[in-house]
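[1] any chance you could fold what I've pasted below:
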Amino acid sequence: MTEALLITTKPRDDHQLEMHIQLGPERTEETLLRALKLVAKKVRIPGFRPGKAPHAAILRQYGRETLLREIIDDLGQEVFKEALADQEISLYGKADLTDMTVDPPAFTLVLPLQPTVELGDYRSIRLEAPTVNVTEADVAALIAPELESRAPWETVERPAAIGDTIVMDIQGTVGETSIMDNHDWELLLKEESGWLPGFDAAFVGVQAGEVKDFALTYPEGSSSRFKGQQASFHAVVKTVKSKTTPELTDELAKTLGEYESVADLRTKLLESLTKRRTADAENKFNEDAIAAVIAGATIAFPPQAVDDTVHDMVHDLEHRVQEIGYTLEDYLRLQSMTREQYEQQARPSAEQRLKGRLVLGELAKREGLTVSAEEAQAEFDRLIGQAEEPAHADELRKLFGSDAGQAMIRQGRAGSRRDRTHRSRTGRGTCRRGSADY
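    Residues are numbered from 1 along each chain as shown. Prediction:
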C-alpha cells in the first residue's frame with residue numbers, strides 16, 4: 001500500500017485554505033528512485049555506457065537534491081490532486097504555491113474555496129409591493145420642456161425678470177483694470193450667477209433704454225485673482241426679451257413625434273411614463289429584496305471571486321464605452337483614473353454584485369427552480385440579438401456558449417421564475433431575478 005501523504009490544513013479568514021503537503025520517508029525514496037531512472041536515460045557517467053550507469057554512481061555524481069528537482073514539478077501536480085481528493089476539497093480557482101522544499105518533498109499552497117451561502121429565514125422577509133401613480137401633471141411636466149424649446153424670443157416692453165434675456169453694452173473694471181467691454185451682449189438672467197454672485201440679480205427690473213451702474217465684490221473664497229476686491233459695472237440696456245410659450249395644438253403635437261393629436265400625445269406619454277416608472281419601481285423592489293436576503297444570509301467567498309467579478313465589470317464598461325466611440329483607456333483618461341484605480345474603486349460594487357448572484361443561485365436551488373434547454377436557448381438568442389456589432393455578437397456567443405455562460409443564463413431565468421412564483425402566491429415579494437492546477 002502506498003504511504004499516505006502528510007497533509008495539514010489551516011483555514012484562513014478570507015475563505016481560503018492553507019494546505020501543507022509532505023511526502024513521508026517511503027514515498028520520498030520512491031520519488032528519488034523515479035528521478036534516478038529518469039536522469040539515467042539522459043546523462044553520461046564516465047566509465048559507463050549511456051543509460052547503463054548504476055543508480056549509486058548517478059547519486060554520487062549529482063546528489064539527492066539535484067535529482068529530486070528533476071521531478072519536483074510533476075510530483076507537485078500529482079500529490080496536489082491526490083491531496084484534494086483525500087480532503088474532498090472543491091476549489092474555486094487555481095491554488096497559489098507559496099513555499100516548497102525538495103528533500104523531503106513538501107509543498108505549501110493557498111487554496112481558494114468554492115463560495116458558500118446560508119440563506120437564513122428568507123421566507124419571513126416581507127416587502128411592500130411597489131405602487132406607481134402617474135398623473136396628468138406628470139405628463140404636462142414632460143411636455144413643458146418641449147414647448148419651452150419651441151418658444152421664440154420676443155422683445156417685451158416691461159421690466160426684466162429672471163428667465164428673460166437682456167441685450168446691452170457693458171463695461172466692467174476692478175480698480176484700473178478692465179475686466180469686460182462688451183457690445184450688444186446678451187445675458188440670460190438666472191436665479192444664481194455662476195461667475196459673480198449678484199450679477200444677474202442686478203438687472204432684474206431694468207427696462208430698455210435704462211443705464212445701470214452697480215458694484216459687486218468678489219467673494220474671498222473665489223478662485224478669481226480679484227477675490228475680495230470690488231468690481232464696478234456700467235451698462236446700457238438696449239432690449240429686454242422674453243419667451244412666449246406656444247399653445248399646444250394638434251398641429252404642434254404632430255411635430256413632437258408620432259402623435260395624431262394632443263389627446264394622442266397625452267395618452268401615449270401617460271402610457272410610456274407609466275411603463276418607465278413601473279420598471280423603475282420593480283427594479284428598486286428587486287434591489288431591496290435582494291439586499292434583504294443578503295442581510296440575512298451568511299456568505300463566504302475567496303478574493304478570486306471578487307477579482308473575477310471586477311473583471312466582468314471592466315469588460316462590461318469596455319463594451320459600453322465602445323458603443324459611444326471610445327476605448328476603455330480613453331474613458332479612464334477622461335476620468336483621470338488608471339485601470340488599477342478603477343478596479344480598486346469597483347471592488348465594493350463587485351462584492352455586492354457577487355453576493356446577489358450567490359444568493360439568487362442558492363434561492364433557485366432551494367426553491368427547486370430549473371430551466372429547460374428551450375428556455376435557455378431562447379434567452380441565449382435574446383442576448384445575442386441585443387448586440388449591435390458583429391464582433392460584439394461573436395464575443396457574446398463565446399461568453400454565453402461556455403459552460404459558465406450557460407450556467408449564468410439558467411441562473412438568471414430561474415431567478416425570474418422564482419419572482420413570478422412568489423408574486424402569484426402572495427402579491428408581495430422577497431426576491432426577483434432576473435481546475436486543480438497550482
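
[2] got the buried residues for stretch 336-354?
    Neighbour-count burial for stretch 336-354, with 16 or more other CB atoms under 10 Å as criterion, is recorded at 342, 343, 346, 350, 351, 353, 354. C-betas here are computed from N, CA, C, even on glycine.

[3] bridged to the closest residue to residue 210 other than its chain neighbours, which residues?
    Distances taken as CB to CB, 6 or more residues apart in numbering put residue 237 closest to residue 210, at 4.9 Å, once the chain neighbours are dropped. Per DSSP bridges, the residues bridged to residue 237 are residue 168.

[4] report the buried residues of the helix or strand where residue 321 lies.
    In the assignment (DSSP states H and E), residue 321 maps to helix 303-323. Across helix 303-323, burial judged by 16+ other CB under 10 Å covers 304, 305, 306, 308, 309, 310, 312, 313, 314, 321, 322.

[5] how distant is the helix or strand just after it from the center of its chain?
    For helix 303-323, the following helix or strand on the C-terminal side (DSSP H and E) is helix 328-334. Remark: helix 328-334 is offset 15 Å from the chain centroid, using CA atoms, centre = their mean, to the nearest Å.

[6] and what of stretch 231-243?
    49 Å.

[7] which residue, other than its chain neighbours, is closest to residue 215?
    Going by CB to CB, 6+ apart, residue 215 has residue 232 as its nearest residue, at 4.8 Å.

[8] burial of that neighbour, as a residue count?
    14 (other CB atoms under 10 Å).

[9] check residue 106 too.
    Residues lying near residue 106 (other CB under 10 Å) number 18.

[10] that one touches residue 27, doesn't it?
    No: using CB atoms under 8 Å, residue 106 makes no contact with residue 27, being 11.3 Å away.

[11] on that earlier part again, dump the buried residues of helix 303-323 into CSV; add distance to residue 21 and pLDDT as well.
    Converted to CSV, these look like this (distance: CB to CB, whole Å; pLDDT from 0 to 100):
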residue, distance to residue 21, pLDDT
304, 21, 94
305, 24, 94
306, 27, 95
308, 26, 94
309, 30, 94
310, 31, 94
312, 33, 93
313, 35, 92
314, 35, 93
321, 46, 88
322, 46, 88
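
[12] and these, which is closest to residue 131?
    residue 313 (32.5 Å; CB to CB).

[13] part of a strand, is residue 9?
    Yes: checked against DSSP: H, G, I helix; E, B strand; the rest coil, residue 9 lies within a strand.

[14] circling back: out of the buried residues of stretch 336-354, the closest to residue 291 would be?
    Relative to residue 291, the closest of these is residue 353; by CB to CB it sits at 11.9 Å.

[15] quick revisit: so who does the residue nearest to residue 210 touch?
    Contacts for residue 237 (CB atoms under 8 Å, 6 or more residues apart in numbering) come out as 160, 166, 167, 168, 203, 206, 207, 208, 209, 210, 211, 212.

[16] just the buried residues of those.
    160, 166, 167, 168, 203, 206, 208, 210, 212.

[17] which non-adjacent residue is nearest the third one?
    In this structure, residue 167 finds its nearest non-sequential neighbour in residue 239, 4.1 Å apart by CB to CB, 6+ apart.

[18] for this structure, what helix or strand is lowest in average pLDDT?
    helix 403-426 (a mean of 48; mean pLDDT, DSSP states H and E).

[19] now do the helices in this structure.
    For the chain, the helices defined by DSSP state H occupy 25-40, 55-62, 64-69, 72-87, 136-149, 250-255, 262-296, 303-323, 328-334, 339-366, 373-385, 390-401, 403-426.

[20] what number of residues lie near residue 361?
    20.

[21] before we move on, the earlier item: out of the contacts of residue 237, which sit inside strands?
    Using DSSP state E, 166, 167, 168, 211, 212 are the members of the contacts of residue 237 that sit in strands.

[22] sketch out the low-pLDDT regions of this structure for me.
    By pLDDT under 70, the weakly predicted segments of the chain are 1, 47, 49-52, 371-373, 375-377, 379-438.

[23] and if we set it to 50?
    417-438 (pLDDT under 50).

[24] measure the residue nearest the centre of it to residue 92 for me?
    For the chain, the residue whose C-alpha lies nearest the mean C-alpha position (CA atoms, centre = their mean) is residue 313; its distance is 4.2 Å. Separation of residue 313 from residue 92 (CB to CB, to the nearest Å) stands at 18 Å.

[25] follow-up on the earlier one: so can I have CSV of the buried residues of helix 303-323 showing distance to residue 130?
    Compiled in CSV, the buried residues of helix 303-323 are given as follows (distance: CB to CB, whole Å):
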residue, distance to residue 130
304, 37
305, 31
306, 31
308, 32
309, 28
310, 31
312, 28
313, 27
314, 32
321, 32
322, 34
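
[26] and of those residues, the nearest to residue 53?
    residue 304 (46.6 Å).

[27] the closest one contacts residue 93, correct?
    Yes: contact criterion CB under 8 Å: residue 304 and residue 93 qualify, at 4.6 Å.

[28] list the residues that contact both of these two?
    Taking CB under 8 Å, 6+ apart as the criterion, residue 304 and residue 93 both touch residue 112.

[29] what's the closest non-adjacent residue to residue 228?
    Distance criterion CB to CB, 6+ apart; nearest residue to residue 228, sequence neighbours excluded, is residue 220 at 5.1 Å.

[30] ramachandran coordinates for that neighbour?
    phi -60, psi -30 (degrees, to the nearest 10).

[31] distance of it from residue 229?
    Relative to residue 229, residue 220 is positioned 10 Å away (CB to CB).

[32] who has more neighbours, these two?
    Neighbour tally, residue 220 and residue 229, criterion other CB under 10 Å: the higher count belongs to residue 229, 13 against 7.

[33] shouldn't the more buried one be in contact with residue 219?
    No: assessed by CB under 8 Å, residue 229 is found out of contact with residue 219, at 10.5 Å.

[34] care to break the protein down by domain?
    In the assignment given by automatic domain parsing, the structural domains of the chain cover 6-114, 126-151+248-297, 152-243, 298-426.

[35] turn those into TSV, columns for distance to residue 120.
    Output for the domains of the chain, formatted as TSV (distance: least, CB to CB, whole Å):
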stretch	distance to residue 120
domain 6-114	18
domain 126-151+248-297	4
domain 152-243	50
domain 298-426	7
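
[36] coming back round to it: and which of the buried residues of stretch 336-354 is nearest residue 329?
    Using CB to CB, residue 342 comes nearest to residue 329 of the buried residues of stretch 336-354, at 10.9 Å.
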